[in-house]
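Chemist: this one's structure only:
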């Protein structure tokens, strides 16, 4: 648990949402998992008075950037720049705060990123912790392309569902290209042949220590099971290089096949950590073993093996670094019962839903938090969202807010505090809120439940100024990580200015009543949402 009393020391936090691939924007499936959840954690920690830096990047060396370049007939560097900006816009559209968002293919940190990654793998080789493995990959004599990553499609060898590259998005398996069932090229790669290549792997020695560390950082049992399965299948080896030319270069193998480092988020942690150290007064690197900075990374089940089997052993190999202290994990988030899919145009983009419809970022965030895919795959149902936004937010909650705000507006301006017994209820709710934000077991759903219970508080009289004040003040605090725009507005209404801090809940203030431009929830309908919905969703108006 994070200390939250006034006497607790102020702590430093480094948060890194998993770097997204810049081959498109972010849809609600992306947002619901690692990005919203990490933003909620960051806002909560700031509310306790801690120092928080959220730093991430784009995974620009992913082979899907190359594939997007082929589709759009432009170089991968340009693709990376375009979608780096698009992703930043999508995050901002849903008020997801990122202090720095780096492009490590180009820009001021690109060279440093390459040096960081190369230095670590070189160190592993020097320490005798690596093993060279000969494997087979399909090679196109016509294009000179190695069919790995985005270029290879087929079926997952573990669950036999359609898969591409090294990963299965259905079961989370990580496998070698030669293990793909029914392998075939994604593009027009003719003249195929199986070619032997040499790849470098990290040898994982202390598996009990790895499991202990996975559990201590909050990895769920299902994710740990995936790691165990992978290590059993790969004889305790984890990939460090892959054949190809797009990425941080590694010396060619003995047959002259070009190689690049197989990026698995640890290198992003080092470079994003460099960015953190630049702004830290003592220039402390958050990933250093003796660092007092608490670190978190967020990712989905498709990255479980990379972030656990790879990062933990690699970051602890030399003794100078540490892995992330905590992991925030999620399953997939579907759209109308089936997987979000850009290729099938079965997608709702983050920017579109708030810019093309009356849906506010707060309404979207609140619904996604309530449906968070933290323990299982969950689903964005358009009808459910319309009902939630219209009845729950624009109806019940908005009516209560209007009543409480009107009461304060009619009351004489004087200092107020949260009355008893409302204060007792507030303290109990804060305890439940703290439990929801445990870093080793964070639950966006539990946090959402606390907010909803406070919003529905029934043994209060909102026609009384002291009750209206106490309820609005508590609502602002509990809404801050979930619905930040509403929270900021209500905090101002009760007489406080930003930031929203826990310790200010007990401080008296003079309510402002009607002030500024109010934040209001709007009723939604299928017709109003149509501009952002894909044609794949065939619905009739029911709300």
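Modeler: Nice, thanks for sending it over. Remember, predicted model here, so these are calculated numbers, not experimental data.

Chemist: for the nearest residue to residue 395 once chain neighbours are set aside, pull up the helix or strand it's in.
Modeler: Closest residue to residue 395 in three dimensions, ignoring its sequence neighbours and counting by C-beta to C-beta, 6 or more residues apart in numbering: residue 523, at 7.6 Å. No exception for glycine: its C-beta is placed from N, CA and C like everyone else's. Residue 523 belongs to no helix or strand when assigned by DSSP states H and E.

Chemist: list the contacts of residue 523.
Modeler: Counting by C-beta atoms under 8 Å, 6 or more residues apart in numbering, residue 523 makes contact with 389, 390, 394, 395.

Chemist: would CSV of those residues with secondary structure be doable?
Modeler: Shown next, in CSV, are those (DSSP: H, G, I helix; E, B strand; the rest coil):
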residue, secondary structure
389, helix
390, helix
394, helix
395, helix
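
Chemist: derive a PyMOL selection command for the buried subset of these.
Modeler: For the buried members of the contacts of residue 523, the matching PyMOL selection, counting by 16 or more other C-beta atoms under 10 Å, is:
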select buried, resi 389+390+394
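
Chemist: and the contacts of residue 523 as CSV, adding distance to residue 212?
Modeler: Converted to CSV, the contacts of residue 523 look like this (distance: C-beta to C-beta, whole Å):
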residue, distance to residue 212
389, 44
390, 48
394, 48
395, 49
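
Chemist: about what we covered before: just the pLDDT at the residue nearest to residue 395, thanks.
Modeler: Here, the pLDDT recorded for residue 523 equals 97.

Chemist: show me which of the contacts of residue 523 is closest to residue 376.
Modeler: Nearest to residue 376 among those is residue 389, at 23.5 Å by C-beta to C-beta.

Chemist: now do the helices in the stretch 101-250 of the chain.
Modeler: 110-126, 207-216, 221-233 (DSSP state H, counting those that start in this stretch).

Chemist: mind putting those into TSV with mean pLDDT and distance to residue 431?
Modeler: Listed next are the helices of the stretch 101-250 of the chain as TSV, based on pLDDT from 0 to 100; distance: least, C-beta to C-beta, whole Å:
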stretch	mean pLDDT	distance to residue 431
helix 110-126	96	42
helix 207-216	95	24
helix 221-233	94	26
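
Chemist: any chance of those in CSV, with distance to residue 535 and mean neighbour count too?
Modeler: Output for the helices of the stretch 101-250 of the chain, formatted as CSV (distance: least, C-beta to C-beta, whole Å; neighbours: other C-beta atoms under 10 Å):
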stretch, distance to residue 535, mean neighbour count
helix 110-126, 39, 17
helix 207-216, 42, 15
helix 221-233, 34, 17
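
Chemist: got those as CSV, with distance to residue 341 columns?
Modeler: CSV is the format used below for the helices of the stretch 101-250 of the chain (distance: least, C-beta to C-beta, whole Å):
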stretch, distance to residue 341
helix 110-126, 30
helix 207-216, 31
helix 221-233, 23
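
Chemist: and residue 345, which of those helices is closest to it?
Modeler: For residue 345, the closest of those is helix 221-233, at 30.2 Å, according to C-beta to C-beta.

Chemist: report all helices and strands that the closest one contacts.
Modeler: For helix 221-233, the packing partners by 3 or more C-beta pairs under 8 Å, 6 or more residues apart in numbering; DSSP states H and E come out as helix 207-216, helix 304-305.

Chemist: for these, which one sits closest to residue 421?
Modeler: Nearest of those to residue 421, taken as C-beta to C-beta: helix 207-216 at 39.2 Å.

Chemist: give me the distance between that closest one and the centre of its chain.
Modeler: Chain-centre distance of helix 207-216: 23 Å, with C-alpha atoms, centre = their mean, to the nearest Å.

Chemist: and the angle from that helix to helix 221-233?
Modeler: 160 degrees (axes from the mean of the first three to the mean of the last three C-alpha atoms, to 10 degrees).

Chemist: contacts for helix 207-216?
Modeler: The contact list for helix 207-216 (C-beta under 8 Å, 6+ apart) reads 204, 223-224, 227-228, 231, 236, 308-309, 312-313, 316, 323, 440.
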